[in-house]
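>>> coords please:
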Amino acid sequence: PNNAKDRTHRLAPHLSHPIWSDHQRLNCGNAAISLSLGFQPPEKHRHSGIGMHTPASVHYGTATDIRARRQATLDRAHAQHPERFSRRPQPPCLPEHAWINQPTQQQPTQVRSTVSFDLTATAWSRVEARIATRKPAEYDAAITLLTDLQALAERDGRRHTFTQRSTALRQTHTRKPSLIERLNRAGL
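Coordinates of the predicted model:
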């Protein structure tokens, strides 16, 4: 009762198609899949989220030409029968971006927070402010900022400057073992 064949036979009465006679049923999962794939081939199925185009036309860049042809057809219809329209008809717009699962906005893997080259001085001030709170969670946030600053320094060829500032930071806060331990673990 727990194998795929038994499950398929239990579902078989529900997997029928109206073009077949009543006594014909789908008796295996592969038949159901092949039947369902035959209804709407991807190159023919039009999606409302992409302006009633097929995924293929959007992917291959033909959607703008198709939309222009649709607009020409609608313009001819409007010119021939303006009484049928309250305003000039337009085909659905193409979205700027279309996603099945929209990716999250991510920073590059080397830079994990919102630090940028222009904000380096501000970031160092934020590091100092977080360390001054003497709270473990703020130490962790400071370490994250320092890791990002290190990645930026390496990217911009300013590794020496980062090393000098981080060494000075260590000397200033030598009496904070929890912070020093975190700096060591992060390799800073």
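
>>> ok, and what's touching stretch 67-87?
Contact partners of stretch 67-87, identified using Cβ atoms under 8 Å, 6 or more residues apart in numbering, comprise 51, 53, 88, 89, 90, 91, 94. Bear in mind the C-beta positions are built from the backbone N, C-alpha and C, glycine included.

>>> And the pLDDT at the second one?
Put plainly, it is residue 53. For residue 53, the pLDDT comes out at 85.

>>> cool, the one 3 residues further on as well?
The predicted local distance difference test score for residue 56 is 82.

>>> and if you look at residue 84?
As predicted, residue 84 sits at a pLDDT of 92.

>>> Let the chain start at 34 from now.
Sure thing, new numbering starts at 34, so read that last one as residue 117.

>>> need the helices for the chain, in chain order.
Using DSSP state H, the helices of the chain run over 37-44, 62-72, 88-92, 96-113, 153-165, 169-188, 192-205, 210-219.

>>> List the contacts of the nearest residue in space to residue 180 that is not next to it in sequence.
Spatial nearest neighbour of residue 180, excluding adjacent residues (Cβ to Cβ, 6 or more residues apart in numbering): residue 219 at 5.9 Å. Contact analysis of residue 219 by Cβ under 8 Å, 6+ apart lists 176, 179, 180.

>>> Count the neighbours of the residue nearest to the second one when sequence neighbours are not counted for me.
With sequence-adjacent residues excluded and distances taken as Cβ to Cβ, 6+ apart, residue 179 is closest to residue 221, at 5.3 Å. The burial count assigned to residue 221 is 18, neighbours taken as other Cβ atoms under 10 Å.

>>> List the contacts of residue 221.
Going by Cβ under 8 Å, 6+ apart, the list of residues near residue 221 reads 176, 179, 180, 183, 199.

>>> So which of those residues is surrounded by the most neighbours?
Counting neighbours by other Cβ under 10 Å, the top entry in the contacts of residue 221 is residue 179, with 24 neighbours.

>>> quick one: that residue from residue 160, how far?
Distance, residue 179 to residue 160, using Cβ to Cβ, to the nearest Å: 6 Å.

>>> any shared contact partners between those two?
Counting by Cβ under 8 Å, 6+ apart, the shared contacts of residue 179 and residue 160 are residue 202.

>>> Setting the sequence-adjacent residues aside, check what's closest to residue 131.
residue 83 (4.9 Å).

>>> isn't the one you found right next to residue 129, touching?
No: contact between residue 83 and residue 129 fails when scored by Cβ atoms under 8 Å: they sit 11.0 Å apart.

>>> higher neighbour count, these two?
Higher neighbour count among residue 83 and residue 129: residue 83, with 18 against 5, using other Cβ under 10 Å.
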